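S.K.: sharing a sequence plus its predicted fold:
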Amino acid sequence: MTVSVTSNATIAQRAKAQEGLNADAPISSSTEALGNMSAEALASISANASRSTIRKHVRALRRALSGDVQASAALQAAQHLLTELDGARAIALYLENDGEISTRPLIEALWQQGVDVYLPVLHPFAEGHLLFIRYDKHSKMRDNLYGIPEPVMACHRLCPAYRLDAIITPLVAFDDSGNRLGMGGGFYDRTLSHLPDSTRVIGLAHDCQRLPALPVEAWDVPLPKIITPSKVFNFS
C-alpha cells in the first residue's frame, strides 16, 4: 500500500483562496501541541492493545486538547477539506462530540459556497444504520440516543447515501494503512460498504488519533483518505 502525505506547508498556499477562512492564521503552537499528543498516544498504547483499550486511551487524549488547540485544529482541517471537496455539491458531515474536531468552520464555509450539507441521523427502523438529512441554519435539532444533536427527521430533506458527493466521517483512531476505528456501533462501516466508487470518503481526526497499526476486523472498511490538522493522508 502506498501512502501519500501532504503537509500544512503545501496546503496553506492553496487555502488562501478559500472564502471565509484565514489561511494566514498562526499554526505553529497548535501543530506542536498536536504532535506531542501524538507521541503520547504512541507511548501509552501497547502494540497488542484491544480495540476497547485503544478507544479509551485515544478518546481521553483528544478530550484533553485545550480549547485553543481545538479551535486551531478546526480551522486547519477546514482549509484542507475545502481543497479536497472542490466541486462537491452534496456533502455529509458530522457535529463534533467527545473531543472530535469541530466541523463548524467548514460547514459555515460550505454554506457560503451554496453547498448542501447533510448530517447523519440514526435510522428509526433499521437498527445500526444511518440516514442523511440536509442541515442548514434553520434546521430543527434534537439529541439522539447517544446525546448527539441531529436534524429532526424530514423525508423531503433526506439524501440517499449513494447520491452524496462526499462523506466526511469521524473516527476514534486510524493507522498507517488507512484503517479506521470508530466508536464500535458499526454505523459508518455499514454505510461505507455500499457506496459507489464516485463518492469521496474522507476521515477526519486529530493528529493524536494516529497509530502505526490497529487491530482489524472483517467488517471494517478502510478509508482512502484521512485528514488531520497537519496532514492529508492518501492511501492507495
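M.R.: Alright, I've got the coordinates. This one's a predicted model, so the numbers in the text were calculated from it and none came from an experiment. Residues are numbered from 1 along each chain as shown.

S.K.: quick one, phi/psi of residue 134?
M.R.: Here the main-chain torsion angles of residue 134 (degrees, to the nearest 10) amount to phi -60, psi 140.

S.K.: avg pLDDT for stretch 133-147?
M.R.: Per-residue confidence for stretch 133-147 averages out to 91 on the pLDDT scale.

S.K.: and for that stretch, what are the contacting residues?
M.R.: Residues outside stretch 133-147 that contact it (CB atoms under 8 Å, 6 or more residues apart in numbering): 93, 97, 107, 111, 116-119, 121-122, 149-154, 157-159. Quick note: C-beta positions are derived from backbone N, CA and C, even for glycine.

S.K.: got a PyMOL select line for the buried ones in those residues?
M.R.: The PyMOL selection below is limited to those of those classed as buried (16 or more other CB atoms under 10 Å):
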select buried, resi 93+107+116+117+118+119+121+122+150+151+157+159
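
S.K.: tell me which of the contacts of stretch 133-147 fall in strands.
M.R.: Restricting these to those inside strands, with DSSP state E as the criterion, leaves 116, 117, 118, 119, 121, 122, 149, 150, 151.

S.K.: so which of those residues sits lowest on pLDDT?
M.R.: Scanning those for pLDDT, the low point is residue 122. It has 88.

S.K.: would you agree it is in contact with residue 130?
M.R.: Yes - contact criterion CB atoms under 8 Å: residue 122 and residue 130 qualify, at 6.8 Å.

S.K.: need the overlap of contacts for these two.
M.R.: When contacts are counted by CB under 8 Å, 6+ apart, the set common to residue 122 and residue 130 consists of residue 187.

S.K.: which ones are touching the residue nearest the centre of the chain?
M.R.: Taking CA atoms, centre = their mean, the centroid of the chain lies closest to residue 204, which sits 2.6 Å from it. Under the criterion of CB under 8 Å, 6+ apart, the contact list for residue 204 reads 77, 81, 100, 101, 103, 168, 169, 170, 171, 226, 227, 228.

S.K.: do residue 90 as well
M.R.: 115, 116, 118, 159, 163, 164, 165, 166.

S.K.: any idea what it is bridged to?
M.R.: Residue 90 forms beta bridges with residue 116, as assigned by DSSP bridges.

S.K.: against residue 172, how distant is it?
M.R.: From residue 90 across to residue 172, the span is 26 Å (CB to CB, to the nearest Å).

S.K.: in this structure, which helix or strand is least confident?
M.R.: Every helix and strand of the chain was ranked by mean pLDDT, DSSP states H and E. The lowest is helix 8-15, at a mean of 46.

S.K.: the strands in the protein, which residues?
M.R.: 3-7, 90-92, 116-122, 130-135, 141-143, 149-151, 166-169, 173-175, 180-181, 200-204, 210-211, 225-227, 231-235.

S.K.: could you pull out the helices for the chain?
M.R.: Counting by DSSP state H, the chain has these helices, from start to end: 8-15, 28-44, 51-63, 67-84, 104-112, 187-192.

S.K.: could you tell me the least trusted of these?
M.R.: Among the helices of the chain, helix 8-15 carries the lowest mean pLDDT (a mean of 46).

S.K.: residues in contact with residue 162?
M.R.: Neighbouring residues of residue 162 by CB under 8 Å, 6+ apart: 194, 195, 196, 199.

S.K.: please apply the same query to residue 159.
M.R.: Applying CB under 8 Å, 6+ apart, the residues near residue 159 are 90, 92, 116, 118, 132, 133, 134.

S.K.: nearest spatial neighbour of the last one, chain-adjacent residues omitted?
M.R.: Distance criterion CB to CB, 6 or more residues apart in numbering; nearest residue to residue 134, sequence neighbours excluded, is residue 157 at 4.2 Å.
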